[in-house]
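Peer 1: Attaching a predicted model along with its sequence, questions to come.
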Amino acid sequence: MKKSLNLFMFILILFVATISLIGLSPGIAGPFDEDNTIKIDPKLQSEEGATGETESSPAAVSEDEVIIAPPDEPEVEPTAALPTEEDEQEVAASSAPEPEEGSSKILPGYEEQDISIGGDNYCGQFAMTSVFKGLGIDKEAQDVYKATNPAGIFTAPPVIVGYLNKNGVKARQRQNCSIDDIVKKIDAGTPVMVLVDSGDGTPHWVNIYGYNRDASGKIISLRMRDSYWGTRSGHEMDIAEFSKAWKRPFGDTFIGKVAGYSNLMIDINGSSSWPSSPLSTATEDNMASGINEVVTGWTNRDWGQLAGGASKLVLGIPGAVVSIGSRVPTALGSMLSGWGKDRMRQGGVGNSILGGAAVAGGSVLQAGGWVANQVGNLSSSVAKGIGNGIKSLFGR
């Protein structure tokens, strides 16, 4: 038992001594050396990557390198190098399709319409004629002109809505619309009429039947027919220019600041369940349509239309006075609130107190103006209803 133990100790000591000598010997990598990476001869590595085979003869190596000879393997096809990120981008750029102009759309039947104006070039009637022709309804501009505006004055929105509905085109008036509202109607296959500023504060009706997008999908322009820009063929208007003209159709004039029309649109094929005129512009609609009907009725010797228009004007006076008068405190309240907010932003106790009082007072003026405006519009709506009732008695 003791001999076995002594023999075991001798073997253990011999094993430890051998391991120590290996670890201390130069040129041999031990398991705890800092750099114990197995290195492959560069020449051998390049030849293997190119042919998939290795040389059988040994190559010269440095003292700290170990050559590992790969086992014999069948010949394989060389591995293709993977493309770099730059290569992938170049291929993608060359194979990608040319950018398209989004989902631009132009409705057929409007671009090259032959509309004979015969010297009486009035925008509302021209735009209505374009709508009729595009929808396949046989109407001539002169007939529309004689029926709705023979004196060539401004054509009120209710007059246009009424004439379109009377001649088979469902339409309704909408206020404060957006570019997206126009796009949706065109996508649905119908044009829209809108009221814009022609450039000098003169309100102008146009018929929009198309739009264009850029490569990113943003609306950049609209296609239209009208009696000013698009008499012979379609006219394209930049979206920024259009948006400005659409927001304030009477421009920066006194009427433009007082009138309530803004982003007004005649929705073609709109739902007949909606009112033909919004309450927010009832005063403007009643007075404008009343003037239209008086002038047109007198010119055409249509006494029913004349009586209906006169009723709207006379009965609408109180509502117009209240409604238009309400715009003054509303505008003053807005200015006062803006001034107060500016003072509050300057900081300080005095500015905060004074600015806060101005904001509060401006809010009261704005609220009072809004209430008065609603009362005036409601009164104008009643006057409009009575005037339409008188017209209907004469079969209009």
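Peer 2: Structure's in. What do you need?
Peer 1: Please report the distance of the residue most central in space within the chain from Tyr211.
Peer 2: In the chain, the C-alpha nearest the mean C-alpha coordinate belongs to Asp180, at 5.6 Å (Cα atoms, centre = their mean). For Asp180, the distance to Tyr211 (Cβ to Cβ, to the nearest Å) stands at 11 Å. All C-beta spots, glycine's among them, are computed from the backbone N, C-alpha and C.
Peer 1: how far is the biggest helix by length in the chain from where the chain is centred?
Peer 2: Among the elements of type helix in the chain, defined by DSSP state H, the one spanning the most residues is helix 349-393. Using Cα atoms, centre = their mean, to the nearest Å, the distance from the centre of helix 349-393 to the centre of the chain it belongs to is 31 Å.
Peer 1: Next: stretch 202-212.
Peer 2: In this view, stretch 202-212 has its centroid 17 Å away from the chain centroid, taken as Cα atoms, centre = their mean.
Peer 1: Over to stretch 175-185?
Peer 2: For stretch 175-185, the separation from the chain centroid amounts to 9 Å (computed by Cα atoms, centre = their mean).
Peer 1: Give the bridge partners for Val206, please.
Peer 2: For Val206, the residues forming beta bridges with it (DSSP bridges) are Val194.
Peer 1: Count the neighbours of it for me.
Peer 2: Residues near Val206, counting by other Cβ atoms under 10 Å, number 30.
Peer 1: Please shift the residue numbers so they start at 59 in all later answers.
Peer 2: Renumbered: residue one is now 59, and that last one reads Val264.
Peer 1: got the residue ranges for the helices in the protein?
Peer 2: When assigned using DSSP H, the helices of the chain occupy the ranges 60-82, 100-109, 143-153, 181-192, 199-206, 215-224, 237-245, 297-305, 312-316, 340-358, 361-403, 407-451.
Peer 1: quick one on the thing from earlier: what angle do helix 361-403 and the longest helix of the chain make with each other?
Peer 2: Direction vectors for helix 407-451 and helix 361-403, defined by axes from the mean of the first three to the mean of the last three Cα atoms, to 10 degrees, enclose an angle of 170 degrees.
Peer 1: on contacts alone, who are the packing partners of helix 407-451?
Peer 2: Other elements packing on helix 407-451 under the criterion 3 or more Cβ pairs under 8 Å, 6 or more residues apart in numbering; DSSP states H and E are helix 340-358, helix 361-403.
Peer 1: could you check the angle helix 340-358 makes with that helix?
Peer 2: 30 degrees.
Peer 1: Could I get the average pLDDT for helix 407-451?
Peer 2: Per-residue pLDDT over helix 407-451 has a mean of 87.
Peer 1: same deal with stretch 270-288?
Peer 2: Looking at stretch 270-288 alone, the average pLDDT works out to 93.
Peer 1: about what we covered before: ok and the longest helix of the chain relative to helix 215-224, angle-wise?
Peer 2: 40 degrees.
Peer 1: Now render the helices of the chain as CSV, adding distance to Ile326.
Peer 2: Formatted as CSV, those follow (distance: least, Cβ to Cβ, whole Å):
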stretch, distance to Ile326
helix 60-82, 94
helix 100-109, 71
helix 143-153, 43
helix 181-192, 6
helix 199-206, 15
helix 215-224, 7
helix 237-245, 7
helix 297-305, 17
helix 312-316, 26
helix 340-358, 18
helix 361-403, 24
helix 407-451, 22
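Peer 1: Pick the most buried one from those.
Peer 2: Greatest average neighbour count among the helices of the chain goes to helix 181-192 (a mean of 26), per mean count of other Cβ atoms under 10 Å.
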